[in-house]
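Trainee: need the 3D shape of this:
(one chain, ligands or ions: 1)
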Amino acid sequence: MTIIDPIFGAGMLPALKQFVMATKLHPILVNFTAALVPVSLASDCIGRFIKSESFRHTAWWTLFYATAITPFTAITGWLFWMSDDNGATGMTIHKWLGSGLAVLLFVLFIWRWKLRRQARWATTSYLLVAAIFVVALAYQGHLGGEQVFSSM
Ligand code: HEM
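Mentor: Numbering: from 1, shown residues only. Model (predicted):
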């Protein structure tokens, strides 16, 4: 019996793992997280610089979709875990950094949501924190890609 059996029923976890392995869902979903968050930040920067409402809305909606998708990116990462990932330092960082980023993105989303409700431009402190998030996200992608492609 696994920890999620009382929630999903026995056998659900192996079935989910098999589905994620067969569809390679994690490498698919990472593209959405990795694209939407930087696009949101860039749109907020441009929007604030040229005072464009359209860019400001783009920043909000791309962050909205990133926040909706990223929990699935993280969950499929856990389900995509393979035996050769065990003991690889980069993958240990990847596992915990990725899980942390999914939670932090939600915090960033709440912050951005409050700015949107007040119809304000993204503040300098928000842009700085979002920029740090994007750097961490790039490092996260680098670690995942290194594990996949370094053995090729
Ligand atoms: C923000 C969240 C995350 C991002 C952006 C991300 C990004 C990536 C990227 C870019 C790859 C390479 C994919 C490819 O091109 O084939 C990858 C692979 C992988 N990621 Fe993540 N990841 C995230 C979260 C996680 C989490 C939470 C785990 C949990 C353990 C995880 C486990 C894996 C595994 C197992 C692989 C494949 C490694 C292998 O082939 O041995 N990822 N990830």
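
Trainee: any residue of stretch 22-29 up close to the ligand?
Mentor: Yes - counting by Cβ under 6 Å from any ligand atom, the ligand has neighbours in stretch 22-29: His26, Pro27. Heads up, the C-betas are built off the backbone N, CA and C, glycines and all.

Trainee: an error on my part: the question was meant for stretch 129-147.
Mentor: Yes - Stretch 129-147 lies within reach of the ligand by Cβ under 6 Å from any ligand atom, at Leu137, Gln140, Gly141, Gly144, Gly145, Gln147.

Trainee: same check, this time on stretch 66-83
Mentor: Yes - Stretch 66-83 is in contact with the ligand by Cβ under 6 Å from any ligand atom, via Thr70, Thr73, Ala74, Gly77, Trp78, Phe80, Trp81, Met82.

Trainee: what subset of those residues is buried?
Mentor: The neighbour-count test (16 or more other Cβ atoms under 10 Å) marks Thr70, Thr73, Ala74, Gly77, Phe80 as buried among the residues of stretch 66-83 next to the ligand.

Trainee: can I get the residues you listed in CSV with pLDDT?
Mentor: Formatted as CSV, these follow (pLDDT from 0 to 100):
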residue, pLDDT
Thr70, 98
Thr73, 98
Ala74, 98
Gly77, 98
Phe80, 98
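
Trainee: burial check on Ala138, number of neighbours?
Mentor: Residues lying near Ala138 (other Cβ atoms under 10 Å) number 13.

Trainee: check which helices and strands the helix ranked longest in the chain sits against.
Mentor: Using DSSP state H, we find that the single longest helix of the chain is helix 89-117. Contacts defined by 3 or more Cβ pairs under 8 Å, 6 or more residues apart in numbering; DSSP states H and E place helix 89-117 against helix 53-79, helix 124-149.

Trainee: tilt between it and helix 53-79?
Mentor: Between helix 89-117 and helix 53-79, the angle comes out at 150 degrees (axes from the mean of the first three to the mean of the last three Cα atoms, to 10 degrees).

Trainee: alpha carbons only: can I get stretch 129-147 in PDB?
Mentor: Extracted C-alpha coordinates of stretch 129-147, given in PDB (Å, rounded to 0.1, in the frame of the first residue of the first chain):
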ATOM      1  CA  VAL A 129      11.900  38.600  -7.500                       C
ATOM      2  CA  ALA A 130      10.400  37.300 -10.800                       C
ATOM      3  CA  ALA A 131      13.800  37.700 -12.400                       C
ATOM      4  CA  ILE A 132      15.500  35.700  -9.700                       C
ATOM      5  CA  PHE A 133      12.700  33.100 -10.200                       C
ATOM      6  CA  VAL A 134      13.400  32.900 -13.900                       C
ATOM      7  CA  VAL A 135      17.200  32.400 -13.300                       C
ATOM      8  CA  ALA A 136      16.400  29.600 -10.900                       C
ATOM      9  CA  LEU A 137      14.000  28.100 -13.500                       C
ATOM     10  CA  ALA A 138      16.700  28.300 -16.200                       C
ATOM     11  CA  TYR A 139      19.100  26.400 -13.800                       C
ATOM     12  CA  GLN A 140      16.300  23.900 -13.100                       C
ATOM     13  CA  GLY A 141      15.900  23.200 -16.800                       C
ATOM     14  CA  HIS A 142      19.700  23.000 -17.300                       C
ATOM     15  CA  LEU A 143      19.900  20.300 -14.600                       C
ATOM     16  CA  GLY A 144      17.100  18.300 -16.200                       C
ATOM     17  CA  GLY A 145      18.600  18.600 -19.700                       C
ATOM     18  CA  GLU A 146      22.100  17.700 -18.400                       C
ATOM     19  CA  GLN A 147      20.700  14.400 -16.900                       C
END
